[in-house]
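Engineer: Generate a structure from the sequence data that follows.
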Amino acid sequence: MSERHPTLRERRRLETRGLIQAHAVRLFTDRGYDEVTVADVAEAAGVSAMTVYRHFPTKEDLVLVDRPARIIAELVAASPPSQPLVRRVGGALVEAARALTGGDGGDGGDSREADERFLLDCLRLMVATPALRARHLDSQYALQQAIVDALGSSGSAPDPDGPDPDAADPDRGSGPEADRGSGPDPDPTADPDAAFRAQAATSACLAAMHTALTRWAEDDGRTALPDLIARALTASFGEGAVAPREDRRGG
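Structural biologist: Have a look, this model is predicted:
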(Lines give C-alpha, C1' and ligand atoms only; values in the text may rest on other atoms or scores of the structure.)
Protein backbone atom coordinates (compact mmCIF):
# COMPACT_ATOMS: atom_id res chain seq x y z
CA MET A 1 0.00 0.00 0.00
CA SER A 2 1.45 3.38 -1.01
CA GLU A 3 2.09 5.95 1.70
CA ARG A 4 -0.54 8.69 1.92
CA HIS A 5 0.82 12.16 1.24
CA PRO A 6 -0.69 15.26 2.90
CA THR A 7 -3.00 17.38 0.80
CA LEU A 8 -2.17 20.97 -0.11
CA ARG A 9 -4.59 22.17 2.55
CA GLU A 10 -2.95 19.98 5.19
CA ARG A 11 0.52 21.20 4.20
CA ARG A 12 -0.56 24.82 4.46
CA ARG A 13 -2.12 24.15 7.84
CA LEU A 14 1.12 22.59 9.10
CA GLU A 15 3.14 25.49 7.70
CA THR A 16 0.90 28.02 9.44
CA ARG A 17 1.09 26.08 12.69
CA GLY A 18 4.89 25.90 12.48
CA LEU A 19 5.16 29.62 11.70
CA ILE A 20 2.98 30.57 14.67
CA GLN A 21 4.88 28.32 17.06
CA ALA A 22 8.29 29.52 15.86
CA HIS A 23 7.33 33.16 16.47
CA ALA A 24 5.81 32.31 19.85
CA VAL A 25 8.90 30.49 21.11
CA ARG A 26 11.14 33.31 19.84
CA LEU A 27 9.06 35.94 21.66
CA PHE A 28 8.84 33.87 24.85
CA THR A 29 12.61 33.35 24.80
CA ASP A 30 13.40 37.02 24.13
CA ARG A 31 10.85 38.69 26.45
CA GLY A 32 9.78 36.00 28.91
CA TYR A 33 6.73 33.78 28.73
CA ASP A 34 4.56 35.88 31.06
CA GLU A 35 5.35 39.11 29.20
CA VAL A 36 4.02 37.91 25.84
CA THR A 37 0.32 37.70 24.97
CA VAL A 38 -1.39 35.60 22.32
CA ALA A 39 -2.13 38.87 20.52
CA ASP A 40 1.62 39.56 20.41
CA VAL A 41 2.22 36.14 18.88
CA ALA A 42 -0.54 36.68 16.31
CA GLU A 43 0.90 40.04 15.27
CA ALA A 44 4.41 38.63 14.89
CA ALA A 45 3.13 35.71 12.80
CA GLY A 46 0.90 37.93 10.65
CA VAL A 47 -2.31 36.10 11.57
CA SER A 48 -5.33 36.79 13.73
CA ALA A 49 -5.57 35.77 17.39
CA MET A 50 -8.44 33.50 16.35
CA THR A 51 -6.11 31.68 13.98
CA VAL A 52 -3.60 31.18 16.79
CA TYR A 53 -6.29 29.70 19.02
CA ARG A 54 -7.50 27.47 16.21
CA HIS A 55 -4.08 25.83 16.07
CA PHE A 56 -3.19 26.17 19.78
CA PRO A 57 -6.22 26.14 22.13
CA THR A 58 -4.16 27.52 25.05
CA LYS A 59 -1.07 29.70 25.40
CA GLU A 60 0.79 26.78 26.98
CA ASP A 61 0.20 24.69 23.85
CA LEU A 62 2.43 27.08 21.91
CA VAL A 63 5.49 25.63 23.65
CA LEU A 64 4.54 21.94 23.56
CA VAL A 65 6.05 19.87 20.75
CA ASP A 66 3.95 16.84 19.82
CA ARG A 67 6.15 15.38 17.07
CA PRO A 68 8.53 13.55 19.46
CA ALA A 69 5.64 11.64 21.05
CA ARG A 70 4.45 10.39 17.65
CA ILE A 71 7.94 9.28 16.66
CA ILE A 72 8.55 7.51 19.98
CA ALA A 73 5.25 5.62 19.83
CA GLU A 74 5.92 4.52 16.25
CA LEU A 75 9.41 3.30 17.15
CA VAL A 76 8.14 1.37 20.18
CA ALA A 77 5.43 -0.30 18.09
CA ALA A 78 8.05 -1.29 15.48
CA SER A 79 10.53 -2.69 18.03
CA PRO A 80 10.95 -6.49 18.40
CA PRO A 81 8.42 -7.78 20.98
CA SER A 82 10.99 -10.36 22.12
CA GLN A 83 13.15 -7.65 23.66
CA PRO A 84 12.82 -6.58 27.33
CA LEU A 85 10.55 -3.60 27.91
CA VAL A 86 13.36 -1.29 28.96
CA ARG A 87 15.25 -2.02 25.74
CA ARG A 88 12.18 -1.42 23.61
CA VAL A 89 11.26 1.87 25.27
CA GLY A 90 14.82 3.07 25.84
CA GLY A 91 15.85 2.28 22.28
CA ALA A 92 12.86 4.24 20.96
CA LEU A 93 13.80 7.25 23.11
CA VAL A 94 17.37 7.21 21.80
CA GLU A 95 16.34 6.77 18.16
CA ALA A 96 13.68 9.50 18.42
CA ALA A 97 16.30 11.89 19.80
CA ARG A 98 18.58 10.92 16.91
CA ALA A 99 15.84 11.66 14.38
CA LEU A 100 14.96 15.01 15.96
CA THR A 101 18.48 16.34 16.51
CA GLY A 102 20.59 14.76 13.79
CA GLY A 103 22.49 12.69 16.33
CA ASP A 104 23.96 10.61 13.50
CA GLY A 105 26.13 13.52 12.44
CA GLY A 106 24.67 13.07 8.96
CA ASP A 107 23.20 15.57 6.54
CA GLY A 108 20.78 18.11 7.92
CA GLY A 109 22.46 21.45 7.50
CA ASP A 110 20.94 24.66 8.76
CA SER A 111 17.43 23.21 8.92
CA ARG A 112 18.45 20.44 11.33
CA GLU A 113 20.43 22.92 13.41
CA ALA A 114 17.39 25.21 13.59
CA ASP A 115 15.18 22.30 14.67
CA GLU A 116 17.62 21.42 17.45
CA ARG A 117 17.78 25.03 18.64
CA PHE A 118 13.98 25.20 18.63
CA LEU A 119 13.78 22.07 20.81
CA LEU A 120 16.35 23.53 23.20
CA ASP A 121 14.40 26.79 23.49
CA CYS A 122 11.15 24.91 24.17
CA LEU A 123 12.84 22.77 26.79
CA ARG A 124 14.33 25.77 28.59
CA LEU A 125 10.96 27.50 28.63
CA MET A 126 9.27 24.43 30.11
CA VAL A 127 11.92 24.10 32.81
CA ALA A 128 11.89 27.81 33.73
CA THR A 129 8.15 28.55 33.63
CA PRO A 130 5.89 27.16 36.41
CA ALA A 131 2.76 27.08 34.22
CA LEU A 132 4.65 25.20 31.53
CA ARG A 133 6.18 22.74 33.98
CA ALA A 134 2.69 21.66 35.02
CA ARG A 135 1.63 21.27 31.40
CA HIS A 136 4.83 19.35 30.65
CA LEU A 137 3.91 16.83 33.34
CA ASP A 138 0.53 16.35 31.65
CA SER A 139 2.25 15.76 28.31
CA GLN A 140 4.63 13.24 29.91
CA TYR A 141 1.69 11.28 31.27
CA ALA A 142 0.10 11.28 27.81
CA LEU A 143 3.42 10.10 26.32
CA GLN A 144 3.63 7.29 28.87
CA GLN A 145 0.16 6.09 27.91
CA ALA A 146 0.97 6.32 24.20
CA ILE A 147 4.06 4.15 24.75
CA VAL A 148 2.11 1.57 26.77
CA ASP A 149 -0.51 1.46 24.01
CA ALA A 150 2.24 1.02 21.41
CA LEU A 151 3.72 -1.86 23.40
CA GLY A 152 0.34 -3.57 23.34
CA SER A 153 -0.28 -2.91 19.66
CA SER A 154 2.86 -4.78 18.66
CA GLY A 155 2.11 -8.00 20.52
CA SER A 156 3.48 -9.56 23.66
CA ALA A 157 5.74 -7.52 25.90
CA PRO A 158 8.61 -9.10 27.82
CA ASP A 159 9.19 -8.52 31.50
CA PRO A 160 11.32 -5.38 32.09
CA ASP A 161 13.46 -7.54 34.39
CA GLY A 162 13.58 -10.26 31.73
CA PRO A 163 16.51 -12.23 30.37
CA ASP A 164 19.99 -10.83 30.13
CA PRO A 165 20.10 -8.90 26.85
CA ASP A 166 23.48 -10.49 26.16
CA ALA A 167 23.83 -14.17 25.31
CA ALA A 168 22.30 -16.53 27.82
CA ASP A 169 24.69 -18.09 30.34
CA PRO A 170 24.56 -21.90 30.03
CA ASP A 171 25.82 -22.20 33.60
CA ARG A 172 23.02 -20.07 34.99
CA GLY A 173 21.15 -23.11 36.28
CA SER A 174 17.43 -23.66 36.50
CA GLY A 175 14.51 -22.90 38.77
CA PRO A 176 12.28 -19.89 39.38
CA GLU A 177 15.11 -17.35 39.65
CA ALA A 178 16.79 -18.54 36.46
CA ASP A 179 13.53 -18.49 34.53
CA ARG A 180 12.24 -15.20 35.89
CA GLY A 181 10.83 -13.15 33.02
CA SER A 182 12.19 -15.47 30.36
CA GLY A 183 8.89 -15.69 28.48
CA PRO A 184 6.77 -12.93 26.98
CA ASP A 185 4.12 -11.22 29.06
CA PRO A 186 0.52 -10.95 27.88
CA ASP A 187 -0.62 -7.91 25.93
CA PRO A 188 -0.30 -4.98 28.40
CA THR A 189 -3.51 -3.48 27.05
CA ALA A 190 -5.44 -6.63 28.01
CA ASP A 191 -3.70 -7.89 31.16
CA PRO A 192 -3.65 -5.58 34.25
CA ASP A 193 -0.41 -7.01 35.62
CA ALA A 194 1.34 -6.68 32.26
CA ALA A 195 0.01 -3.14 31.99
CA PHE A 196 1.47 -2.31 35.41
CA ARG A 197 4.88 -3.64 34.36
CA ALA A 198 4.74 -1.70 31.11
CA GLN A 199 3.76 1.50 32.92
CA ALA A 200 6.51 1.07 35.52
CA ALA A 201 9.21 0.38 32.90
CA THR A 202 8.03 3.26 30.73
CA SER A 203 7.89 5.69 33.66
CA ALA A 204 11.44 4.76 34.69
CA CYS A 205 12.73 5.22 31.14
CA LEU A 206 11.03 8.62 30.86
CA ALA A 207 12.60 9.67 34.17
CA ALA A 208 16.03 8.79 32.77
CA MET A 209 15.22 10.75 29.60
CA HIS A 210 14.16 13.77 31.67
CA THR A 211 17.57 13.74 33.41
CA ALA A 212 19.26 13.66 30.01
CA LEU A 213 17.10 16.49 28.66
CA THR A 214 17.91 18.65 31.66
CA ARG A 215 21.64 18.09 31.17
CA TRP A 216 21.27 18.78 27.43
CA ALA A 217 19.62 22.14 28.15
CA GLU A 218 22.21 23.06 30.78
CA ASP A 219 24.96 22.12 28.33
CA ASP A 220 23.35 24.25 25.59
CA GLY A 221 23.14 21.21 23.34
CA ARG A 222 26.90 20.71 23.13
CA THR A 223 26.61 17.01 23.96
CA ALA A 224 24.58 14.87 21.54
CA LEU A 225 21.13 14.22 23.03
CA PRO A 226 20.98 10.53 21.93
CA ASP A 227 24.25 9.88 23.75
CA LEU A 228 22.99 11.59 26.91
CA ILE A 229 19.79 9.54 26.89
CA ALA A 230 21.73 6.31 26.35
CA ARG A 231 24.06 7.20 29.22
CA ALA A 232 21.12 7.99 31.52
CA LEU A 233 19.46 4.68 30.66
CA THR A 234 22.70 2.79 31.26
CA ALA A 235 23.16 4.51 34.63
CA SER A 236 19.62 3.53 35.59
CA PHE A 237 19.39 -0.03 34.24
CA GLY A 238 22.90 -1.26 33.48
CA GLU A 239 25.03 -1.83 30.40
CA GLY A 240 22.41 -3.88 28.52
CA ALA A 241 19.70 -1.19 28.73
CA VAL A 242 20.20 0.09 25.18
CA ALA A 243 20.55 -2.41 22.36
CA PRO A 244 22.82 -1.87 19.34
CA ARG A 245 20.96 0.00 16.62
CA GLU A 246 20.61 -3.02 14.34
CA ASP A 247 18.94 -4.97 17.18
CA ARG A 248 16.42 -2.16 17.72
CA ARG A 249 15.34 -2.57 14.11
CA GLY A 250 14.78 -6.25 14.61
CA GLY A 251 17.77 -7.18 12.48
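Engineer: any low-confidence regions in this structure?
Structural biologist: Counting by pLDDT under 70, the ranges of the chain that qualify are 1-4, 103-110, 154-190, 245-251.
Engineer: Could you rerun that using 90?
Structural biologist: 1-10, 65-68, 100-116, 127-128, 131, 133-139, 152-195, 239-251 (pLDDT under 90).
Engineer: Val127: which element?
Structural biologist: helix 109-128 (DSSP states H and E).
Engineer: next one: Ala69
Structural biologist: Under the assignment here (DSSP H and E), Ala69 is part of helix 67-78.
Engineer: Can you give me the separation between Thr211 and Arg67?
Structural biologist: 22 Å (CB to CB, to the nearest Å). Placement of C-beta: from N, CA and C, glycine included.
Engineer: repeat for His210
Structural biologist: 18 Å.
Engineer: Give me the more crowded residue out of the two.
Structural biologist: His210 (15 against 12; other CB atoms under 10 Å).
Engineer: so what's that one closest to, chain neighbours aside?
Structural biologist: With CB to CB, 6 or more residues apart in numbering as the criterion, His210 has its nearest non-adjacent residue at 7.7 Å, and that residue is Gln140.
Engineer: Any chance you could list what contacts the helix or strand hosting that neighbour?
Structural biologist: Secondary structure assigned from DSSP H and E places Gln140 in helix 130-153. If you take CB atoms under 8 Å, 6 or more residues apart in numbering as the criterion, helix 130-153 is touched by 33, 60-61, 63-64, 69, 72-74, 76-77, 85, 88-89, 92, 125-127, 157, 187-190, 195, 198-199, 202-203, 206, 210.
Engineer: distance of Tyr33 from Ala131?
Structural biologist: 7 Å.
Engineer: Those two: who's more crowded?
Structural biologist: Tyr33 (21 against 14).
Engineer: Can you name every helix or strand that the helix or strand containing Ala235 contacts?
Structural biologist: Here Ala235 is covered by helix 225-237, with elements defined by DSSP H and E. On a contact count with 3 or more CB pairs under 8 Å, 6 or more residues apart in numbering; DSSP states H and E, helix 225-237 meets helix 85-101, helix 192-218.
Engineer: for the last one, which positions count as buried?
Structural biologist: So the one you mean is helix 192-218. 194-195, 197-199, 201-202, 204-206, 208-209, 211-213, 216-217 (16 or more other CB atoms under 10 Å).
Engineer: so how many other residues sit close to the nearest residue to Gly90 once chain neighbours are set aside?
Structural biologist: Distances taken as CB to CB, 6+ apart put Leu233 closest to Gly90, at 4.4 Å, once the chain neighbours are dropped. Leu233 has 25 neighbouring residues, counting by other CB under 10 Å.
Engineer: For the buried ones among the contacts of helix 130-153, write the corresponding ChimeraX selection.
Structural biologist: Selection of the buried residues among these in ChimeraX, burial being defined by 16+ other CB under 10 Å:
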select :33,60,61,63,64,69,72,73,76,77,85,88,89,92,125,126,157,187,188,195,198,199,202,206
